[in-house]
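A.B. asks: next come a sequence and a model predicted from it.
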Amino acid sequence: MKRPKVLILVLSLVLFFSLTLTACAKTQTEQINTDSSTDTGAHKSTSGEITVYTALEDEQVTAYLEAFNAKYPDIKVNIVRDSTGIVTAKLLAEADNIQADLVWGTAASSLLVLEDKNLLAPYAPNGVEGVLPQFKSGKDIPTWVGIDVWETAIIVNTDECARLGIEVPTSYDDLLKPEYEGLIVMSNPSSSGTGYLTVNGILQLKGEEAGWEYLRQLHNNIAQYVHSGSKPSKMAASGECAIGISFGYAGIQRVEEGAPVQVVFPKEGSGWDLEANALMNKKEINGAALTFLDWAISDEAMNLYKENYPIISTGKGGTYKGFEGMNPIDQLLDIDLTTAAANREDVLAQWASEFDSKSAPKT
């Protein structure tokens with residue numbers, strides 16, 4: 001008489017454990033499927049080898065990678081580093097045979113060009129909700145995420161100005177004064193993100209017609225256009241030129257090195273762009289690339305970025321070293337990055353046709 005009760009008990013236990021295991025398996029599957037926050041089907045990995053294209057400064061890459069390697073020693077990171085324009089051109093040229101797994105710290109305006117050509121894969125890194133909306137892709141699953149902002153700055157060698165008997169310029173308009181003829185070095189916008197953000201800033205500040213006329217007048221005072229965003233600051237620091245149109249961090253670095261330079265942010269406001277990260281749209285997504293992109297917007301990484309930049313994409317900037325007496329966000333011009341990306345080819349073509357005669361040879 002007791003056997004049916006025992007049988008019912010056994011069947012109940014079997015059913016209970018079966019449902020429990022099914023639920024656990026379902027939960028684990030859901031965790032795996034949502035773990036990567038991407039529709040590529042890739043899953044994260046803490047080992048492997050990745051190729052990273054970047055326009056971050058060499059010394060920044062070294063410091064940042066040291067922190068990443070300490071946390072993920074089993075991921076080998078192969079860095080391909082160049083100026084923004086060259087990185088962008090390389091990525092476009094490799095569109096049919098993508099070599100990079102991800103882009104790290106390259107102008108958002110350039111990434112928008114790559115996005116338009118379907119070269120970026122959607123990916124939402126862990127912590128992306130902490131990035132301000134204006135500093136990341138507006139798509140449901142972002143195609144790029146910003147890390148820091150860099151802006152136009154005028155780096156002036158004060159010793160040279162004193163020797164030549166000229167005043168330190170404080171604005172874009174000052175740079176047109178005849179006493180600066182042949183004394184200014186600027187980044188080439190075709191090869192340098194700093195050059196492009198400066199040109200784009202002037203065009204958006206003054207309007208297209210007046211902006212191009214300004215650039216023509218500025219051209220009269222330019223000694224050379226160089227293929228690096230930081231090089232004009234270095235040339236000003238060494239006395240190779242009196243004035244370098246560069247970016248804020250580069251100038252402040254020269255000050256810290258003891259060079260006789262003053263960093264001037266133009267009183268009209270600075271052109272700017274956003275250094276950002278993106279996953280490349282490859283047939284096979286490298287899981288270690290997802291891990292890197294997670295780390296690249298982590299608190300650890302953001303704390304490193306803010307040592308160099310007063311504006312980071314979370315809005316929680318650094319100590320503002322070199323920006324005493326000013327709010328760096330207030331210094332930024334009202335820039336539309338989408339317009340900057342959409343107009344990029346036309347702007348660069350016109351710029352080259354009018355001004356490329358003073359460009360330094362490409363090495």
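C.D. replies: Thanks, I have the structure now. Note that the coordinates shown come from a computational prediction; the quantities given were computed from them, not determined experimentally.
A.B. asks: make it CA atoms for all contacts and neighbour counts henceforth
C.D. replies: Fine.
A.B. asks: just give me the neighbour total for residue 127.
C.D. replies: 12 (other C-alpha atoms under 10 Å).
A.B. asks: on the pLDDT front, check it for me.
C.D. replies: Looking at residue 127, its pLDDT is 96.
A.B. asks: OK, contacts around it?
C.D. replies: Contacts were defined as C-alpha atoms under 8 Å, 6 or more residues apart in numbering; by that measure residue 127 touches 294, 297, 298.
A.B. asks: if you set the cut-off to 6 Å instead, what comes out?
C.D. replies: Not one residue lies near residue 127 by C-alpha atoms under 6 Å, 6 or more residues apart in numbering.
A.B. asks: roughly how far does it sit from residue 68?
C.D. replies: According to C-alpha to C-alpha, to the nearest Å, residue 127 stands 16 Å off from residue 68.
A.B. asks: show me the shaky parts of the stretch 1-150 of the chain.
C.D. replies: For the stretch 1-150 of the chain, the stretches flagged by pLDDT under 70 are 1-41.
A.B. asks: let's see 90
C.D. replies: Within the stretch 1-150 of the chain, the stretches with pLDDT under 90 are 1-43, 57, 83-85, 134.
A.B. asks: can you give me the strands for it?
C.D. replies: 48-54, 75-81, 102-107, 120-121, 145-157 (DSSP state E, counting those that start in this stretch).
A.B. asks: those strands into CSV, with extra columns for distance to residue 350 and mean neighbour count?
C.D. replies: Converted to CSV, the strands of the stretch 1-150 of the chain look like this (distance: least, C-alpha to C-alpha, whole Å; neighbours: other C-alpha atoms under 10 Å):
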stretch, distance to residue 350, mean neighbour count
strand 48-54, 27, 20
strand 75-81, 27, 16
strand 102-107, 21, 27
strand 120-121, 27, 21
strand 145-157, 21, 28
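A.B. asks: out of those, nearest to residue 114?
C.D. replies: Ranking the strands of the stretch 1-150 of the chain by proximity to residue 114 (C-alpha to C-alpha) places strand 120-121 first, at 6.5 Å.
A.B. asks: rewinding a little: could you dump the strands of the stretch 1-150 of the chain to CSV with distance to residue 188?
C.D. replies: Shown next, in CSV, are the strands of the stretch 1-150 of the chain (distance: least, C-alpha to C-alpha, whole Å):
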stretch, distance to residue 188
strand 48-54, 18
strand 75-81, 17
strand 102-107, 15
strand 120-121, 26
strand 145-157, 13
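A.B. asks: and the residue nearest to the spatial centre of the chain, what does it touch?
C.D. replies: With distances taken as C-alpha atoms, centre = their mean, residue 275 lies nearest the centre of the chain, 1.4 Å away. Contacts for residue 275 were tallied using C-alpha under 6 Å, 6+ apart; they are 105, 106, 107, 108, 146, 147, 148.
A.B. asks: so what strands line up beside the strand or helix carrying it?
C.D. replies: Using DSSP states H and E, residue 275 sits in strand 272-280. Paired strands of strand 272-280, with direction, are strand 102-107 (antiparallel), strand 120-121 (antiparallel), strand 145-157 (antiparallel) (DSSP bridges).
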